[in-house]
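# Just to be clear, the model below is a prediction. Sequence and coordinates:
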Amino acid sequence: MIRKKLFVTAFSLLMGASLSAQDLSVINQQEATRLLQTLSHDDMQGRATFTAGIEKAATFIETEFSAAGLLPLKGGSASQAPSFRQTFYVHRLTPSQTEVNLDNIEIAAEHLFVNTSQKQLDWNQKNKVDIITISKGKNFRAAFAKVNSQEQDAIVLVHPSHAEAFQDYRGYFAKGAVKKEIGTGSSKVYVLTDQANPKKYQVKFENKIDKLELSNVVGMIEGKRKNEFVVFSGHYDHIGFHKSVDGDSIANGADDDASGTTAMMMLARYYKQQVQPERTLIFAAFTAEEIGGHGSRYFSEQLNPDQIVAMFNIEMVGKPSRFGPNSAYLTGFEKSDLGLLMQKRLKGTTYSIHPDPYPKQNLFYRSDNATLARLGVPAHTISSVQIDQDKTYHTVKDEFELLDMPHFTSMIRAIALAAQGVVSGEDTPTRVDKALVK
């Protein structure tokens, strides 16, 4: 009897291993290449938000979701036809007037930038806004972050010694901003000047405001536990056109983040070909990550975060990690035990997952996982890029030809294996302590 039980157990394990190997073959380099090449092709024009290129990318992802047999995510208005598009609106604010006078001295335009969600500013000394100084010797980026977080309106006087950093920021803010809501929050006017404590000031500023449409592309496989969700995600937007190098001005975003979006789509196909999962699986291609994470923020508002068991966000997995072949790292490893559960599932395989080796890069907060993590979800980003050495990030050189496709294919297989326990309902990661997420 015991021998019979041992035989049955051994046979089951053998069949399970064979089935797993057969299933993983669905995740193959040929298909990974097709998807990744398409998303990072010049035809997509760098997939910048509000462009024809990102619209083309969204249509491609929709087609792939449909071919895989995914269902649109439930929710939305009953009058709306089911769609993989999760559409919402934001406001693009573009500066159209900026005038600043300090003690009767008109400030040159190249020495000004404004951060505000207001349509207009009309300040003088009667408004009693704060005057803040970023003096010589201070860390400009740290000081900027501190000032920007304050709730009070302010004129910020930046010492000329910070001219280079100031111009970097000015270039960013001169392009305008994208906001979900307008007319909220405090405003900051930054002035590059050696003036201190002006007695009189006058600020006139105006934004041109356009209401624009954005869309996540989201599909699902309904599980036996319909209201327990596991999210696999990647952002499909990039930065569009960039500084030309050798006649090339398209920032294709192959690693950032056509790789993550491709991995997510291949995992969707993989899971669709398995038996019905225990938990409902959601596959999300987020928009507008590069301009503030608007897509993931909207997505998080459509679901009850308490019903999201885990989020596997995938970003920049097209190049080998510092830990060697078949390895990746997990941002915010210590914030839940999801990483430990993944390591347990990968034990005995050729794949490995490690804690983020770049804590100073603040990667946990630089991708779409952060929005859900702030709501307590065990939401982490899987990555393999050596971010401290990568020279193609946000350049026109982030192209398909520079990616390691055998490594990339291995990464997708590794995620499929590592997530198995969460998908099957056997593993439930601990929640993120919201008080410890900034």
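Perfect, I can see it now.

# heading toward the C-terminus, what's the first helix or strand past the strand ranked longest in the chain?
Using DSSP state E, we find that the single longest strand of the chain is strand 201-221. From strand 201-221 onward toward the C-terminus, using DSSP states H and E, the following helix or strand is strand 225-235.

# Would you mind listing the buried residues in that next one?
Glu228, Phe229, Val230, Val231, Phe232, Ser233, Gly234, His235 (16 or more other Cβ atoms under 10 Å). C-beta: built from backbone N, CA, C; applies to glycine.

# Turn these into TSV, columns for pLDDT and distance to Glu401.
Converted to TSV, the buried residues of strand 225-235 look like this (pLDDT from 0 to 100; distance: Cβ to Cβ, whole Å):
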residue	pLDDT	distance to Glu401
Glu228	98	41
Phe229	98	36
Val230	98	33
Val231	98	31
Phe232	99	26
Ser233	98	26
Gly234	98	20
His235	98	22
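
# Pull out the CA atoms of stretch 61-71 and give them to me as PDB.
Taking Å, rounded to 0.1, in the frame of the first residue of the first chain, the C-alpha atoms of stretch 61-71 are listed here in PDB:
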ATOM      1  CA  ILE A  61      -2.100  45.500 -27.300                       C
ATOM      2  CA  GLU A  62      -5.900  45.300 -27.600                       C
ATOM      3  CA  THR A  63      -5.500  42.900 -30.600                       C
ATOM      4  CA  GLU A  64      -3.100  40.700 -28.600                       C
ATOM      5  CA  PHE A  65      -5.500  40.500 -25.600                       C
ATOM      6  CA  SER A  66      -8.300  39.600 -27.900                       C
ATOM      7  CA  ALA A  67      -6.300  36.900 -29.600                       C
ATOM      8  CA  ALA A  68      -5.200  35.500 -26.300                       C
ATOM      9  CA  GLY A  69      -8.900  35.200 -25.200                       C
ATOM     10  CA  LEU A  70      -8.800  37.700 -22.400                       C
ATOM     11  CA  LEU A  71     -12.000  39.400 -21.100                       C
END
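
# What is the neighbour count of the nearest residue to Leu192 once chain neighbours are set aside?
Ranked by Cβ to Cβ, 6 or more residues apart in numbering and with sequence neighbours excluded, the top spatial neighbour of Leu192 is His111, at 4.1 Å. Counted by other Cβ atoms under 10 Å, the residues lying close to His111 total 17.

# so what's His111 scoring on pLDDT?
On pLDDT, His111 comes in at 98.

# ok, now Arg3?
Reported pLDDT for Arg3: 48.

# can you check Tyr172 too?
pLDDT, read off for Tyr172, is 89.

# Got the phi and psi for it?
Note on Tyr172: backbone dihedrals following degrees, to the nearest 10 are phi -70, psi -50.

# What of Ala419?
phi -90, psi 0.

# Over to Ala284?
Backbone torsions for Ala284, taken as degrees, to the nearest 10, come to phi -120, psi 130.

# Run through the bridge partners of the closest residue in space to it that isn't next to it in sequence.
The shortest distance from Ala284 to any residue other than its chain neighbours is 4.2 Å, reached at Ser233 (Cβ to Cβ, 6+ apart). Judged by DSSP bridges, the bridge partners of Ser233 are Ala284, Asn313.

# now Val156
With DSSP bridges as the rule, Val156 is bridged to Ile132, Tyr190.

# can you confirm Ile415 is in a strand?
No - applying DSSP: H, G, I helix; E, B strand; the rest coil, one finds Ile415 to be helix, outside a strand.

# Neighbours of it, how many?
Residues within reach of Ile415, counting by other Cβ under 10 Å, total 26.

# Kindly reformat the buried residues of strand 225-235 as CSV containing distance to Ala165.
Listed next are those as CSV, based on distance: Cβ to Cβ, whole Å:
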residue, distance to Ala165
Glu228, 46
Phe229, 42
Val230, 41
Val231, 36
Phe232, 37
Ser233, 33
Gly234, 31
His235, 27
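
# Ramachandran angles for Val432?
Torsion angles, degrees, to the nearest 10, at Val432: phi -80, psi 140.

# Quick check: which ranges of this protein have low pLDDT?
Within the chain, the ranges that satisfy pLDDT under 70 run 1-22, 75-80.

# redo that, cut-off 50
Applying pLDDT under 50 to the chain picks out residues 1-22, 76-79.

# one step back: gap between the residue nearest to Ala284 and Thr94?
Counting by Cβ to Cβ, to the nearest Å, the gap from Ser233 to Thr94 is 30 Å.

# next one: Met264
Distance from Met264 to Thr94, by Cβ to Cβ: 32 Å.

# Tell me which of these two has more neighbours.
Using other Cβ under 10 Å, the more surrounded residue of Met264 and Thr94 is Met264, with 28 against 13.

# does the more buried one really touch Glu315, like I thought?
No - Met264 lies out of contact with Glu315 (Cβ atoms under 8 Å); the separation is 10.2 Å.

# what's the overlap in contacts for these two?
Residues touching both Met264 and Glu315 (Cβ atoms under 8 Å, 6 or more residues apart in numbering) are Gly234.

# would you put the C-alpha positions of the longest strand of the chain in CSV?
C-alpha atoms of strand 201-221 as CSV (Å, rounded to 0.1, in the frame of the first residue of the first chain):
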residue,chain,number,x,y,z
TYR,A,201,7.2,91.6,-6.1
GLN,A,202,4.7,91.0,-8.8
VAL,A,203,3.9,87.8,-10.6
LYS,A,204,1.7,87.3,-13.6
PHE,A,205,1.3,83.8,-14.9
GLU,A,206,-1.2,82.0,-17.1
ASN,A,207,-1.6,78.4,-18.3
LYS,A,208,-3.3,77.2,-21.5
ILE,A,209,-5.4,74.2,-20.5
ASP,A,210,-6.4,71.3,-22.7
LYS,A,211,-8.6,68.4,-21.6
LEU,A,212,-7.1,65.2,-23.1
GLU,A,213,-7.9,61.5,-23.2
LEU,A,214,-5.7,58.7,-21.9
SER,A,215,-6.2,54.9,-21.9
ASN,A,216,-4.9,52.0,-20.0
VAL,A,217,-5.3,48.7,-21.8
VAL,A,218,-6.6,46.0,-19.4
GLY,A,219,-7.7,42.4,-19.7
MET,A,220,-8.5,39.6,-17.3
ILE,A,221,-8.9,35.9,-16.8
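
# for it, which positions count as buried?
Result for strand 201-221 [16+ other Cβ under 10 Å]: buried residues 201, 203, 205-207, 209, 214-221.
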